[in-house]
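Trainee: Next come a sequence and a model predicted from it.
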Amino acid sequence: MPRQKILDMSVDWLSILDPEGNVDITLEPALDTETLDKFYRTMVLTRLFDEKAVKLQRQGRMLTYGSCLGQEASQIGSAFAMKPEDWFFPAFREHGVQIARGIPMKLLYIYWMGSEDANMKIPLKNFPVAIPVSTQILHAVGAAWASKLQKQNIASVVYFGDGATSEGDFHEGMNFAGVFKTPTVFICQNNQYAISLPREKQTASKTLAQKALAYGFEGIQVDGNDVLAVYSATKAALEKAKSGGGPTLIECFTYRLGAHTTSDDPSRYRKKDEEEEWRKKDPVKRLRIYLEKKGIWSKNYEEKIIKEASEEIEKAVEEAEAYNPDVSNMFKYVFAEMTSNLKEQMDELSGFMAKKKGG
Amino acid sequence: MPKLNMVQAINLALHEEMEKDPAVLAMGEDIGVDGGVFRVTEGLLDKFGSERVIDTPLAESGIVGCAIGMAVSGLKPVVEIQFEGFSYMTIDQLAAHASRIRYRSRGMYHCQMVIRSPYGGGVKALEHHSEAVATFFIHIPGLKVVIPSNPYDAKGLLISSIRDPDPVFFFEPKKLYRAFKEEVPEGDYTVPLGTGKKLTQGDDVTVISWGAMVMVCQEAIKKVTNIGVELIDLRTLSPLDEKIIIDSVRKTGRCVIVHEEPRTLGLGAEIIARINEKAFLYLEAPIKRVTGYDVPVPLPKLEDLYLPDPEKVARAIVETASF
């Protein structure tokens, strides 16, 4: 036969907990009360952390900030599937992953208030944020590749958005991961917009997950507002990666309820009703109903965790605002050893500062 | 002691460093089975295997970006970019990440990696195969830039680059790959980064150059009589060995800078600025530049006219000396 079908591929959709909090018991992961409590608390904490950050920015106390409102399930579900020794490469909206991975909120605020010094104290394996779009994907592939060469049982997990899938580094990273079978989990939080550009103008592909198929590995689309589905998919992908099965692309189908950043006005490019539709699919609310049915959630419980989270956030903000970086840090970390040229420039600046002080 | 050309000297450095340090690995396009298009990585695959000598897909940003991930995990990748004309794709990863991860993480991570690439004209090559592109990379804080001009330095500088805890772009003058042989010791020796070298002593004119242009300057010096020329081979373009420049110009009061890169904002411009800041009152003549012109490198029918040659350099030396 001169012409025949030589390729037959498909992409799965995974959803376990629906917007009304109904669970598919055949897919429901076996999580104990303590773990479910941790999931919910961290989602609430992330939401309050995020809300506070936006407020601080409005008051001129923070830099431009990208809210993760609405993406808590994608972030917390995947973060808790990782081990502390796994590499985590964020883009810049993964506040929930960072909080779940135990990065002190004080450090997150210090960074978004304007100092790289925050990155100095962040536990290893949690890479600093990447503002250029998609560039971090390659680092995650390289780190996973290194762990394979070093015979360590470590995977890397990298986060990026729908917009990143148009960048060259996304394709190069996916290709390298496929060819060298690196233990990498690619988490694409498809929040439907890259600033103003809707998902359907980003690519003609029906799903983003299917892009993995072209690179020779599995892609799956997951309900990104369903923390159980995201957790299960990430856990399976990590297990596969660590047992030599290679990479996986997980498309978390979600929605950015807030603006791209505090500098953005989404009313210019999307309708309120669309936002309202997505509010009905709120990831936090959905888990709440599930926990209530399980007898974990109650009004008292809610009040208690909100109080605890708010206190923790207030303390973090206070400490972050009290932080002032040393000016020498501007020059100290360019090279392992400061060059004479940089030493001269540092002295020039201190001389200028001393003069200014002395009037 | 064996006499080696630059390709052999670099190859020897790679063999020795990979033997010495299991964290060092080589990666790039056609570097394994093929031994590199210039054969610089010949024999590495047989000796160290495909986990450490990696033939990668054809994607320059991908190679460098993956190398960054490896470097922050404790490996020491030595990346080959096949031709300098394809190095532009590496700039994003180098400028946005490799060069600044130490800075942005305040020393928590660093990027010990080398990017090797042939560069430069004079070999009658195709478009994008004859460029001198160091200027782009010199402008990136946190990235070191090295260019050897002879086999001995090539080996010693490459070893230093591989051992340096910060990222280094190591440009190899392809015109000199097989131009001449000289004695290159086997075993461990280094040429420190950030240090230039005086190749001739003289009191009248300082000539500053690097890479393939050093040989052009040496030819030029043979053409001038009765002028004492102090020829400095910078060897590292970033960080710059300012002291060797300033000391020499304070002595001679006259200076010619020769580079293959286009003139505007080339390293020559920065050298002149530094001389103005630190040796202005010693100057007896305006500083001259003999450089590539501010045009794309022409194809071979006009290429010789584009490049600095011994005659252009000799003329500049005479004019500066007699100003």
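Mentor: The structure has been received and is ready for your questions. Numbers count the residues shown, from 1 in each chain, chains lettered A, B, ... in the order given.

Trainee: Do I have it right that A:Thr339 meets B:Thr236?
Mentor: No. Between A:Thr339 and B:Thr236 there is no contact under Cβ atoms under 8 Å: 10.5 Å. In short, each C-beta sits where N, CA and C put it, glycine included.

Trainee: Would you state the helices of the stretch 201-323 of chain B in chain order?
Mentor: With helices called from DSSP state H, counting those that start in this stretch, the stretch 201-323 of chain B shows them at B:213-223, B:242-252, B:267-279, B:300-306, B:310-321.

Trainee: ok so, going back, which neighbours do A:Thr339 and B:Thr236 share?
Mentor: The contact sets of A:Thr339 and B:Thr236 overlap at B:Gly194 (Cβ atoms under 8 Å, 6 or more residues apart in numbering or on different chains).

Trainee: looking at the helices of the stretch 201-323 of chain B, which is buried most?
Mentor: helix B:213-223 (a mean of 21; mean count of other Cβ atoms under 10 Å in any protein chain shown).

Trainee: quick one: contacts for residue 242?
Mentor: Using chain A here. A:Lys242 neighbours (Cβ under 8 Å, 6+ apart): A:Asn153, A:Ile154, A:Ala155, A:Pro183.

Trainee: not what I meant, chain B
Mentor: Contacts of B:Glu242 (Cβ under 8 Å, 6+ apart): A:Ser340, A:Asn341, B:Arg274, B:Lys278.

Trainee: A:Lys355: which of the helices of the stretch 201-323 of chain B is closest?
Mentor: Checking the helices of the stretch 201-323 of chain B against A:Lys355 by Cβ to Cβ gives helix B:267-279 as the closest, at 19.2 Å.

Trainee: what about that closest one and chain A, touching?
Mentor: No. Helix B:267-279 lies out of reach of chain A by Cβ under 8 Å from any Cβ of the partner chain, never closer than 9.0 Å.

Trainee: what's the spacing between the most centrally placed residue in chain A and A:Lys211?
Mentor: Most central in chain A under Cα atoms, centre = their mean is A:Glu94, positioned 2.8 Å from the mean C-alpha point. Per Cβ to Cβ, to the nearest Å, A:Glu94 is found 20 Å from A:Lys211.

Trainee: I'd say the residue nearest to the centre of chain A and A:Gln75 touch.
Mentor: Yes. Here A:Glu94 reaches A:Gln75: they are 5.9 Å apart, a contact under Cβ under 8 Å.

Trainee: what residues are shared contacts of these two?
Mentor: A:Cys68, A:Tyr159.

Trainee: Which of the contacts of B:Glu242 sits closest to B:Phe170?
Mentor: Looking across the contacts of B:Glu242 and measuring by Cβ to Cβ, the closest to B:Phe170 is A:Asn341, at 20.3 Å.

Trainee: circling back to that earlier point, quick check: closest non-adjacent residue to the residue nearest to the centre of chain A.
Mentor: Leaving aside its sequence neighbours, A:Glu94 sits nearest to A:Tyr159 (Cβ to Cβ, 6 or more residues apart in numbering or on different chains; 5.0 Å).

Trainee: related to what we said a few turns ago, please flag which of the contacts of A:Lys242 sit within strands.
Mentor: Within these, no residue falls in strands by DSSP state E.

Trainee: Nothing else from me, thank you.
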